[in-house]
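In: sequence-free structure coming up:
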Ligand SMILES: C[S@@+](CC[C@H](N)C(=O)[O-])C[C@H]1O[C@@H](n2cnc3c(N)ncnc32)[C@H](O)[C@@H]1O
């Protein structure tokens with residue numbers, strides 16, 4: 001059976017008009033003229049594809065360089081003459097793993113290209129307010145790749161069982177998985193429910209490029225660096241990531257932003273948001289309205305995962321009860337809810353493993369609600385440059401601490417002691433006598449810790 005054409009479902013994430021297929025691959029929006037390229041064979045349906053892919057390319061460079069730098073540090077450590085044999089063995093394993101991981105990531109991410117982002121593209125990106133969240137690196141969810149395609153079968157099967165149940169065991173047309181990650185759930189649901197079309201959308205190209213190869217039946221090798229290795233050999237483990245069988249036709253991968261979903265109104269039979277609603281960069285209330293817009297009456301929304309809202313704004317850190325009430329306010333009928341305890345990211349190579357009480361919420365669309373405003377990742381004053389920069393309380397606090405830090409930095413001359421510095425702070429009326437000495441110590445402690453750090457946070 002040929003794969004179905006997703007074209008009729010797609011809409012421009014910039015102006016909501018329909019898209020047409022480009023002759024050489026990719027999609028284009030006639031009315032606004034935006035062209036959406038393919039990354040490998042995955043359409044990149046971002047509102048501003050050039051800039052978003054440029055941002056991901058920067059993160060690619062950062063991820064690859066982090067491994068390469070770590071390999072160099074390990075090589076230097078290996079040249080020590082007093083190393084015990086087991087330490088040499090461990091460092092040598094890690095050195096080879098990091099150097100090899102840099103090559104593997106570069107190769108896997110090659111379809112992102114090496115083209116650099118231009119200044120004009122960046123300006124458009126800002127104007128569209130589509131900036132990627134700063135806390136989302138290419139490898140933020142790296143463990144998911146290994147869980148999905150190597151050692152996570154019990155976890156994967158349990159998740160599929162719960163979500164398939166919440167979808168009523170039926171095959172919607174199409175099934176949309178938003179924030180699909182490395183894609184195992186989308187793959188399993190596609191195999192189990194056999195929808196004609198399953199769309200797995202995520203904004204992270206590393207996860208989708210790995211998934212794309214794996215579900216095509218091409219195993220991928222990547223190193224796992226477990227959080228708490230069980231043994232020396234577990235410090236770095238080369239995993240072969242593979243699917244039980246190549247995916248059947250109709251499993252379509254899409255690079256896109258869940259907050260600007262590139263689909264026409266009421267075009268999706270069911271939408272699943274696994275482990276997404278609490279980490280996404282939008283208030284749940286607006287997100288629920290967005291899900292309503294994607295579905296026709298009778299369409300299903302399945303929320304799966306934890307509800308660990310960590311938003312800065314305390315009013316947006318919703319409880320389960322609030323989530324259910326907001327789902328109903330967003331035009332859905334009374335949701336079915338269940339809670340189950342599941343293993344979560346339990347790598348056999350790690351002593352660190354989690355159990356999570358996972359919630360599965362199934363809600364059916366009952367009525368239309370007003371469409372939420374287009375998602376804006378940045379406020380106007382940051383975009384236009386003409387409006388006053390608001391004097392937020394956190395800005396005020398930071399302004400004061402930056403003044404104090406700058407003052408303290410200027411006092412470090414290789415001669416003054418902490419007490420000398422604290423005395424000067426008091427004389428300048430920047431702090432009281434009681435506060436000054438502990439503050440100087442904690443500032444210098446942080447500076448000292450930073451100086452000791454290896455600077456190799458993999459993102
Ligand atoms: C906690 S992970 C869950 C991944 C997958 N659903 C699973 O259960 O393994 C969250 C996923 O959402 C993706 N994500 C976060 N914000 C997104 C956005 N605005 N648009 C698309 N994907 C997003 C991340 O890249 C990541 O893959």
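Out: Done, it's in. This one's a predicted model, so the numbers in the text were calculated from it and none came from an experiment.
In: dig out what residue 332 forms beta bridges with.
Out: Beta-bridge partners for residue 332, by DSSP bridges, are residue 365.
In: next one: residue 274
Out: Beta-bridge partners of residue 274, counted by DSSP bridges, are residue 304.
In: and the residue of the stretch 51-200 of the chain that's closest to the ligand?
Out: At 2.6 Å from the ligand, residue 181 is the closest residue in the stretch 51-200 of the chain, using Cβ to the nearest ligand atom. Glycine gets a C-beta too; all of them are placed from N, C-alpha and C.
In: can you pull the pLDDT of the residue lying closest to that residue once chain neighbours are set aside?
Out: Of all residues not flanking residue 181 in the chain, residue 144 sits nearest, at 4.8 Å (Cβ to Cβ, 6 or more residues apart in numbering). pLDDT, residue 144: 97.
In: give me the element residue 144 is part of.
Out: Per DSSP states H and E, residue 144 falls inside helix 142-146.
In: could you point out which element follows that helix?
Out: Sequence order places helix 153-166 as the next helix or strand after helix 142-146, per DSSP H and E.
In: longest helix of the chain, counting residues only.
Out: The longest helix of the chain (DSSP state H) is helix 49-78.
In: next, the buried residues of the following helix or strand past that helix.
Out: Reading on from helix 49-78 to the C-terminus, the next helix or strand found by DSSP H and E is helix 85-108. Residues of helix 85-108 classed as buried: 90-91, 93-102, 104-106, 108 (neighbour count, 16 or more other Cβ atoms under 10 Å).
In: what about stretch 159-179 and the ligand, any contact?
Out: Yes. Using Cβ under 6 Å from any ligand atom, stretch 159-179 reaches the ligand at residue 179.
In: in that stretch, what counts as buried?
Out: Buried-residue list, stretch 159-179, by 16+ other Cβ under 10 Å: 159-160, 162-164, 166-167, 171-179.
In: one more: stretch 275-294?
Out: Buried residues in stretch 275-294 (16+ other Cβ under 10 Å): 275-285, 287-294.
In: please compute how far it lies from its chain's middle.
Out: Distance of stretch 275-294 from its chain centroid, counting by Cα atoms, centre = their mean, to the nearest Å, is 15 Å.
In: over to stretch 335-352?
Out: 19 Å.
In: that stretch - what's its average pLDDT?
Out: Averaged over stretch 335-352, pLDDT sits at 97.
In: from the opening residue of it to its closing one, how far?
Out: 34 Å (Cα to Cα, to the nearest Å).
In: now do stretch 133-145: distance from first to last residue.
Out: Start-to-end span of stretch 133-145 (Cα to Cα) is 21 Å.
In: who touches that stretch?
Out: For stretch 133-145, contacts defined as Cβ atoms under 8 Å, 6 or more residues apart in numbering pick out 56, 59-60, 62-63, 105, 109, 181-182, 203-207, 210, 222, 224, 241, 281, 345, 347, 377, 458-459.
In: if any of these are buried, put those into a ChimeraX selection.
Out: Selection of the buried residues among these in ChimeraX, burial being defined by 16+ other Cβ under 10 Å:
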select :56,59,60,63,105,109,181,182,203,204,205,206,207,210,222,224,241,281,345,347,377,458
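In: so which of the contacts of stretch 133-145 belong to helices?
Out: Among the contacts of stretch 133-145, DSSP H puts 56, 59, 60, 62, 63, 105, 205, 206, 207, 210 in helices.
In: distance of the second one from residue 112?
Out: In other words, residue 59. Residue 59 is 10 Å from residue 112, where distance means Cβ to Cβ, to the nearest Å.
In: which residues of the chain lie near the ligand?
Out: So the chain meets the ligand at 141, 144, 179-181, 185, 202-204, 207, 257-259, 274-276, 279-280 (Cβ under 6 Å from any ligand atom).
In: which of the residues in the helix or strand hosting residue 397 are classified as buried?
Out: Per DSSP H and E, residue 397 falls inside helix 393-411. Buried residues in helix 393-411, counted by 16+ other Cβ under 10 Å: 404, 408.
In: same thing with stretch 328-344?
Out: Buried residues in stretch 328-344 (16+ other Cβ under 10 Å): 330, 331, 332, 335, 337, 342, 344.
In: got the domain ranges for this structure?
Out: Domains of the chain are assigned by automatic domain parsing as 49-364, 391-451.
In: confirm residue 338 sits in a strand?
Out: Yes. Secondary structure of residue 338 (DSSP: H, G, I helix; E, B strand; the rest coil): part of a strand.
In: so it sits against residue 357, correct?
Out: No. Residue 338 is not in contact with residue 357 according to Cβ atoms under 8 Å; the separation is 10.6 Å.
In: tell me the predicted confidence for residue 111.
Out: Note on residue 111: pLDDT of 95.
In: could you say which helix or strand contains the residue most central in space within the chain?
Out: The geometric centre of the chain, computed from its C-alpha atoms, lies nearest to residue 136 (Cα atoms, centre = their mean), at 4.6 Å. Assigning secondary structure by DSSP H and E places residue 136 outside every helix and strand.
In: with residue 301 instead?
Out: Taking DSSP H and E as the criterion, residue 301 maps to strand 300-305.
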